[in-house]
Each structure stands twice: as structure tokens, then as C-alpha cells.
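# Give me the fold of what follows.
(2 chains)
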Number of protein chains: 2
Amino acid sequence: MSSAMEVGKKLVELCRAGKSSEAIKTLYSPNIVSIEAGSTHGMPARMEGLAAIQGKNEWWYNNHEVHSGKADGPWPNGDRFVVRFTYDVTPKAGPMAGKRFTMDEAALYTVKDGKIVQEEFFYHMGG
Amino acid sequence: MSSAMEVGKKLVELCRAGKSSEAIKTLYSPNIVSIEAGSTHGMPARMEGLAAIQGKNEWWYNNHEVHSGKADGPWPNGDRFVVRFTYDVTPKAGPMAGKRFTMDEAALYTVKDGKIVQEEFFYHMGG
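Got it, this is the predicted structure:
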């Protein structure tokens, strides 16, 4: 069974390779809980279940042009680890459409029985 | 009452200015809980109370020569925020004495009634 550090290393590796969909498929628990810093784009801050999280991931990639991305970490503590993400993106739709910006966030993951059971995203909501 | 984001900004500001002792004094709750990724230097991973955490901070500064430091963030989510720290240090005592290295970690803080009530440090323990 993989430790938080091992799962974190695999996650960072797959994200760096642009394979977040594969990361979700192989590293996430069917009962994954995903918590954003706030509710946006009509999606609730808290979502649950692999299908919902795969849908959110697909939505994000369909609605953003990703110029480059960076994942730093993982930094572990017990059954959890932190990763920092920075993405240079241009939204394709919504009020920010066409406005290139840098997404800068930290994510906290909880691992149980070798799978990620919770992801929490930390970032500043506008303003 | 300060939000997690406001407390986080003050913390990062004071840490960047090398004023971590002042940060503890002004931003921490008397009942602060501090959780390291593991027990080291004969200190337990979990410590509680302002006096113990001030003591740990003093110990760290007395036992490390700090060449430079960097604090990135804060990234907030609700009543919590994350900060990333990198410190270029040389330990003054212990098995690593004289061996300059880069400390690279993430910290997760919980804020209640405008004060930090918990700090958790995420980093890789050797190897």
C-alpha cells in the first residue's frame, strides 16, 4: 500500500505530464471528496464521487487554454500531503474569457488505504 | 476580527521580515497547537500552548544559522490558509551541524476568532 509521500509523488509526476485525468483514474478513491475555496462556475464548493470529480476536471480543461503549468511538492505529514500548483491559463468562456492569468494555489490531499480520499484547494477568491 | 486571509498576510509579512517571534506573540492563540511531520530533536511532533511554541521557535533560531528565507502565500480556504517556506540554513548542533541545506516545507494554519489556533508542518523526513 502506497504512503502519502508515494501517492503524492505519483500525482505530481502525472500533473507535470499533463495527465490529471489519469491521476484521478488511478490514484483517487471512488468516494473522493473535493473541496474548493468557494463555489464558482455554478459548481458547489464541495463535490463527492469519482464521476463528479472527473467531470469537474474535464470541464476545467475544456474551458481553459493551458499555456504552461507547474507542480511543486509533495510535502507530506502523516496520511496527508500538500502540493503547490501554478498554471498560466486563458479561460475560454465566462466573464474572464480571453483574459490570460496565473492560477496560484495550494492543494491538501488525504490518503487512505493507498488512495486519495480528499482534495482541498486553497486560493484567493478574486479582489 | 481578521479573516484567515488577513491573518495569513500578516504572518507572511512578519516571517519575511525575520520576525517570527513577533508573529507568534501577536497572531497566535494562547492555546495554539503545533504539529510537525514527525518528532525530531527530542521534541514531540505535537506541542500545545504559546510558551511551548515560543520555546520551539527560539530553539530553532538558536540552533540554525539562517542564510536566507522565503515565504510564499498565503493561500486561503475558509478558516484555514497554506504558506510555503524555504530556508537556506546551516544547523549549529546535532548530526547535521555545519551542513548547509535547504528546508522546504508547507504549513497549514487554522484561524479561529482572528487568531491562529493550529499550525501543521508538511515536509519530507530525510531519506
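# for A:Tyr123, what are its contacts?
Contacts of A:Tyr123 were listed using CB atoms under 8 Å, 6 or more residues apart in numbering or on different chains, and they are A:Ala37, A:Met103, A:Asp104, A:Glu105, A:Ala106, B:Trp75, B:Pro76, B:Asn77. The C-beta positions use only the backbone N, C-alpha and C, and glycine is treated the same way.
# Show the buried residues in those.
Neighbour counting by 16 or more other CB atoms under 10 Å in any protein chain shown classes A:Ala37, A:Glu105, A:Ala106, B:Trp75, B:Pro76, B:Asn77 among the contacts of A:Tyr123 as buried.
# Please tabulate the contacts of A:Tyr123 in TSV, including the columns secondary structure, distance to B:Cys15 and pLDDT.
Converted to TSV, the contacts of A:Tyr123 look like this (DSSP: H, G, I helix; E, B strand; the rest coil; distance: CB to CB, whole Å; pLDDT from 0 to 100):
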residue	secondary structure	distance to B:Cys15	pLDDT
A:Ala37	coil	22	94
A:Met103	strand	24	94
A:Asp104	strand	18	95
A:Glu105	strand	20	97
A:Ala106	strand	16	98
B:Trp75	strand	15	98
B:Pro76	strand	16	97
B:Asn77	strand	20	97
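# which of these lies closest to A:Asn31?
Of all these, A:Asn31 sits closest to B:Asn77, with 20.6 Å by CB to CB.
# Could you give the bridge partners of that closest one?
B:Arg80 (DSSP bridges).
# Can you tell me the number of residues neighbouring the nearest residue to A:Val89 once chain neighbours are set aside?
Distances taken as CB to CB, 6 or more residues apart in numbering or on different chains place A:His64 nearest to A:Val89, at 4.5 Å, with adjacent residues excluded. Here the number of neighbours of A:His64 (other CB atoms under 10 Å in any protein chain shown) works out to 16.
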